[in-house]
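Asks: The sequence and its predicted three-dimensional model are supplied below.
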Amino acid sequence: MATNSSAELGMDSGTRSVESHSSVHGSVSDSASGKDYYITRDGVRYAGTHLIVDLRGAVRLDDIEHIERALRDAVTASGATLLHIHLHHFSPNGGVSGVAVLAESHISIHTWPERRYAALDVFMCGSARPQNTLDVFKRAFEPDRMEVAEHLRGRDQKDLD
């Protein structure tokens, strides 16, 4: 298997990794209680909600500290449990890629500041509210346009037939 060094991939040493030591809850399966953390909404049972978010005409997409704060605020707004944040600053364009790993799944971000564009994925299960992240992203990045697609992951087979 071939591997690429950070330099070959255009990465600089701007990698940030931040641990959060909050307690873990909302795992996929809790054998003691028999709870599986699936969601039922409008009669449909599924594992979690996956939002695909495109921000166009956005600002501060090269500011890694601002992006970290926005991710933390989004986690809080959604009621999710932060386990770990890992962000990387690329050069020469200053784009940022990273993920907030959650007990309920994740939020990822990839930015192209030179195009004022950011791509975010918000995937959450259990009682977390991924839609609450959208206002946080609007405030943090002030996009001219926000496009959101929602996909219900892990739908029960009976709902697909």
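Replies: Here it is on my side, so go on.

Asks: okay, now residue 73: neighbour count?
Replies: Here the count is done by other C-beta atoms under 10 Å, and residue 73 has 16 residues near it. C-beta here means a position set from N, CA and C on the backbone, and glycine is covered the same way.

Asks: what about it, which helix or strand?
Replies: Per DSSP states H and E, residue 73 falls inside helix 64-78.

Asks: buried set for that helix?
Replies: 64, 67, 68, 70, 71, 72, 73, 74, 75, 77, 78 (16 or more other C-beta atoms under 10 Å).

Asks: which ones are touching the last one?
Replies: So that's residue 78. Applying C-beta atoms under 8 Å, 6 or more residues apart in numbering to residue 78 gives the contacts 122, 124, 128, 129, 130, 132, 133.

Asks: Around the fifth one, how many other residues sit close by?
Replies: The local packing count at residue 130 equals 25, with neighbours defined by other C-beta under 10 Å.

Asks: separation between the closest residue to residue 37 other than its chain neighbours and residue 157?
Replies: Nearest residue to residue 37 in three dimensions, chain neighbours excluded: residue 126, at 4.5 Å (C-beta to C-beta, 6 or more residues apart in numbering). Using C-beta to C-beta, to the nearest Å, residue 126 is found at 21 Å from residue 157.

Asks: And these two? Which one has more around it.
Replies: More neighbours surround residue 126 than the other of residue 126 and residue 157, with 23 against 7 (other C-beta under 10 Å).

Asks: I figured that one hits residue 47, correct?
Replies: No. Counting by C-beta atoms under 8 Å, residue 126 stays clear of residue 47, with 9.5 Å between them.
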